[in-house]
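>>> I'd like to go over a predicted model; first the sequence, then the structure.
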Amino acid sequence: MLSRDPAGLRIRIFNFSLKLLTCLLYIVRVMLDNPGGIQPQCVDCQLNKTTYSTDINWELIFWVDRKVHVWAIQVIVALISFLEAMLLTYLSYKGNIWEQMFQVSFLLEMINTVPFIITIFWPPLRNIFIPVFLNCWLAKCALENMINDLHRAIQRTHSAMFNQVLILICTLLCLVFTGTCGIQHLERAGKNLSLFNSLYFCIVTFSTVGYGDVTPQIWPSQLLVVIMICVALVVLPLQFEELMYLWMERQKSGGNYSRHRAQTEKHVVLCVSSLKIDLLMDFLNEFYAHPRLQDYYVVILCPTEMDIQVRRVLQIPLWSQRVIYLQGSVLKDQDLMRAKMDDAESCFILSSRNEVDRTAADHQTILRAWAVKDFAPNCPLYVQILKPENKFHVKFADHVVCEEEFKYAMLALNCVCPATSTLVTLLVHTSRGQEGQQSPEQWQRMYGRCSGNEVYHIRLSDSKFFGEYDSKSFTYASFHAHKKYGVCLIGVKREDNKSILLNPGPRHIMAVSDTCYYINITKEENSAFIFKQEEKHKRKGLSPGGLYDAPSRLPVHSIIASMGTVAMDLQNTNPPDSGSSKLALPTENGAGSRRPSIAPVLEIADSAAILPCDLLSDQSEDEATQSDDEGSSTCEYVKGYPPNSPYIGSSPTLCHLLPQKAPFCCLRLDKGCRHNSFEDAKAYGFKNKLIIVSAETAGNGLYNFIVPLRAYYRPRKELNPIVLLLDNPPDNHFLEAICCFPMVYFMAGTIDNLDNLLQCGIIYADNLVVVDKESTMSAEEDYMADAKTIVNVQTMFRLFPSLSIITELTHPSNMRFMQFRAKDCYSLALSKLEKKERDKGSNLAFMFRLPFAAGRVFSISMLDTLLYQSFVKDYMIPIARLLLGLDTTPGSGYLCAMKVTEEDLWIRTYGRLFQKLCSSSAEIPIGMYRTESHMFSSSESQISINVEECEDTKDRRESWKEKGSHRNSTGSDQSEHPLLRKKSMQWARRLSRKNTKPPSRAERIPQQRINLYRRSERQELSELVKNRMKHLGLPTTGYDEMNDHQNTLSYVLINPSPDTRLELNDIVYLIRSDPLAHVPDEPVARQSGVRMRQELGMETRDETQL
């Protein structure tokens, strides 16, 4: 009752003060005590000063010299204490009086108060000794109760650690005070120690030092020392044990992030259900890669105990001072208070993608986001969600990344724009572009340097890159900024519009208030030295063109830009030739003796000049302008918005659609129905190659794979049939969503079944996308989750060497097993290079793995950095969604690709290509995808080949190949030069050779026999495939067993330097302006979309799966 009363705290404080006063009065009495006044005779002592008589003067022990005023005060305090004790005993009486009377606290009260009350009525007892110093133990109990009541009064939870430390300190003080006062009093009959000497003796004794200069001389004081030591040996270990237990528990839970630190320092909170070392290092490396975040602290809130590897990493001094781990739940306000969520700069909530039930993982993420929003409504939220149908529950968050949306859209674009996954991954990773710069391989140096490009933003009025292009067209600003500074302007945002527009086209006029988004190695604020050089030349009266005459005095980008454009012939611009190639859209001289010219990029768009070259002729085939040869195959398609979205929150995208939805039976590829009798891909007679997607279930994310491949800006004649190879048949909700798209089919089967692969038309496919399966994401050993996928893909890699296989893995580190070659010295050299880059602290150490560089492998965890970067660059998620086609903003462009053919090589350099595209079709190139021929050593052969012999045979084959193909070569690939290739192989040998043994007899087998062995093995695999096709009744004419594209390496160059030479079969990434942005709305097209919605039935909206 007393503890719950608001007055209880005041009573506790009064009681504690009263006990302290009694102890203080005892010390005053000791200081005023005069033992001689009681016993004037000295104790007989022997001549030896170190020994004393064993006779004890008991009168000095039982009687003291107590002054009258001290006695009066002690009596008053004793009366108050006695009355308080009796009152509390009466109030707490529960029917057992003996239990109350024999409590230790009650007995101590009686011992220290009743004798004083007796002395009032019997004056001769006023000088009797009363052990008032024992009140220190009552003061200790009163202090504990007072602390508990204090926390109840201020409505704050107290720390068990604080209470235990307080109890331990109070216990030590009470032991020392009791021992000091007891020994001092007993030694009045012996050596007559002072109070200070007694304190000194107790401290030396309890600290186990024991100098021996001060010791008790009589047996009562010695007995007291023994008793005190025994009590200490019992009480203190128990207290220390409890303290250590609480300390260990606190270490597990992480303690608290103090309010003072939260108010004086900046911190972010990372909320995860389980913390793995890979996720932690990705977050820390990306978060602290930004200079302005170096002073931030990271508070991790996780419900599980800290992993051993995580604990080891967090003990590193680099992280131990900046990362705080708290074990707790986001759903508990107490744990959110410990993390000081209301003072945090932001909160990152990540989902557990390794869960088998990803829907349950999303539900946990949603509850965490709701809990944080409820507790700290002003804290910015960065949420990662797994499934798109759960995204609308967290729409209130500042930034949301839906994993399946990004994953499927990226995998879809990989089929039409090779290595889009690598392009986006490199863009969203922070890098300085220093990877691979020490390598002798030219492609690694160029690839590593270009990987340092990132997306930055700046206001036009604050920019020197783009400030001079005020009132100029966007295309003009993009080209000239790239020409002068090597930066690639890709987008813009108006001050009065929240939407970012990628390549809004030449009709967009730049304004001072515009925000520019550009790709560059570093942001403009770190490139001030460029402008100092330029201004210095301007002061001397030099024209901008004069800057190009002194490349040695200019920054690298300016030199590169000038070399790429100085030879351009801008005269005699004639109308385009009707027989020119697809890239030769603008002007080309009629005389074959002169070099073709490139038209200049206009400051203000000329509608008459731009529209004919807007490439709309290919994308507007639906407006009744189709040619006769296309009419038969494409007239059945219309453009409109898909009427059935499988989930809430999907962005509407204008797509190619069927005029009437297809029956569900017609979507089954391998079974005929009453509408058609086709039972295999060959029977359909597709004109374009297939795209096969292997997935476990038909989740709603697959919808985002189909939409980018059926978007309205894809030419109809280039639409690829899509076959979904599903382990489990899809439900009707999913079929309802995809039945309106043309050439989309499904089939039940798995990739580890050769018959299923052949039935779905794998021999007619260009791309096979293998999606990570949810059921394999959780394994006893984490990194074994990808084992089945890797082995199955390796099998297909051997059976169908010409097939482009795009694989999604759970763990990025497993990509080294893709297209594995056990005895390839070049792959071994790349492995050692990866280890070196990792030791240097690179965040992109895996980038030199050939499958990743070529865009053949992808892990969704690579895109975690997209969410982390959004803390500094809040525009990264919208730009990534626009690039991938997840969002379609009116007036914003889209990502596409263009292949460089022999007719396009007259352009020569990337800088001239930039001008060509800007002046003709208003397209902005952002990078290239280059493929080079490369001879790898035998991986299929079981014969061991020494590294030196591998080098010699490769040199001979490369030199022969160089002589044979030199006449047909139109590019200038320096990496194909025999000398450079020889140096590359020497580098590979140097990195891979360690303690090599002398070649055995088996290793000296001639290369011809090795090739014969490989050929026989490949023929055996070919016969296996053909036999299965015959068994299934499939024609074998489409299978070409010798079509091997494995001896190539491909890589992505983001924003390469303008003087980069174009090579045959280079694929250029383009951001093409929106074809419908400046075209008047045609009622026919709009009405067709509305009519189709009505025909397909809007009542299916009610069946949308939530």
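Received the coordinates, thanks.
>>> what about Leu768, which SS state?
Using DSSP: H, G, I helix; E, B strand; the rest coil, the structure places Leu768 in strand.
>>> er, Met446 actually
Under the three-state scheme (three-state DSSP), Met446 adopts helix.
>>> which residue is the nearest non-sequential neighbour of it?
For Met446, ignoring the flanking residues on the chain, the nearest one in space by CB to CB, 6 or more residues apart in numbering is Leu1053 at 6.3 Å. Where C-beta positions appear, they are placed from N, C-alpha and C, glycine not excepted.
>>> and the one you found, how many neighbours does it have?
24 (other CB atoms under 10 Å).
>>> and if you look at His675?
Neighbour tally, His675, other CB under 10 Å: 10.
>>> equivalent analysis for Val323, please.
There are 20 residues near Val323, going by other CB under 10 Å.
>>> mind checking how far it is from Pro317?
Relative to Pro317, Val323 is positioned 11 Å away (CB to CB, to the nearest Å).
>>> per-residue confidence at the residue nearest the centre of the chain?
Geometric centre of the chain, nearest residue: Asp864, 3.5 Å, by CA atoms, centre = their mean. pLDDT, Asp864: 85.
>>> quickly find the element holding the closest residue in space to it that isn't next to it in sequence.
Leaving out its chain neighbours, the residue that sits closest to Asp864 by CB to CB, 6+ apart is Asp282, at 5.5 Å. Using DSSP states H and E, Asp282 sits in helix 277-287.
>>> so what secondary structure elements neighbour that helix?
Helix 277-287 is packed against strand 297-302, helix 308-314, helix 864-869, with contacts defined by 3 or more CB pairs under 8 Å, 6 or more residues apart in numbering; DSSP states H and E.
>>> quick one: closest of these to Gly182.
In terms of CB to CB, the element of these nearest to Gly182 is helix 308-314, at 47.2 Å.
>>> which residues sit against stretch 302-312?
252, 254, 271-277, 280, 314, 325-329 (CB atoms under 8 Å, 6 or more residues apart in numbering).
>>> so Asn732 makes contact with Phe664?
Yes: using CB atoms under 8 Å, Asn732 is in contact with Phe664, at 7.1 Å.
>>> comparing the two, which residue is more hemmed in?
Each of Asn732 and Phe664 has its neighbours counted (other CB under 10 Å); Phe664 has more, 15 against 11.
>>> what's the spacing between the more buried one and His675?
From Phe664 to His675 the distance is 11 Å (CB to CB).
>>> check Pro1056 too.
Per CB to CB, Pro1056 is found 50 Å from His675.
>>> just Pro1075 next, same as before
34 Å.
>>> Met743 now?
According to CB to CB, Met743 and His675 sit 15 Å apart.
>>> ditto for Ala511
Applying CB to CB to Ala511 and His675 gives a distance of 55 Å.
>>> same deal with Pro303?
Here the criterion is CB to CB. By it, Pro303 lies 54 Å from His675.
>>> in stretch 678-692, what counts as buried?
Neighbour-count burial for stretch 678-692, counted by 16 or more other CB atoms under 10 Å, picks out 678-682, 684, 686, 690-692.
>>> list the contacts of that stretch.
By CB under 8 Å, 6+ apart, the list of residues contacting stretch 678-692 reads 415, 633, 669-672, 677, 709, 717-723, 725, 743, 759-762, 764-769, 1032, 1034-1035, 1038.
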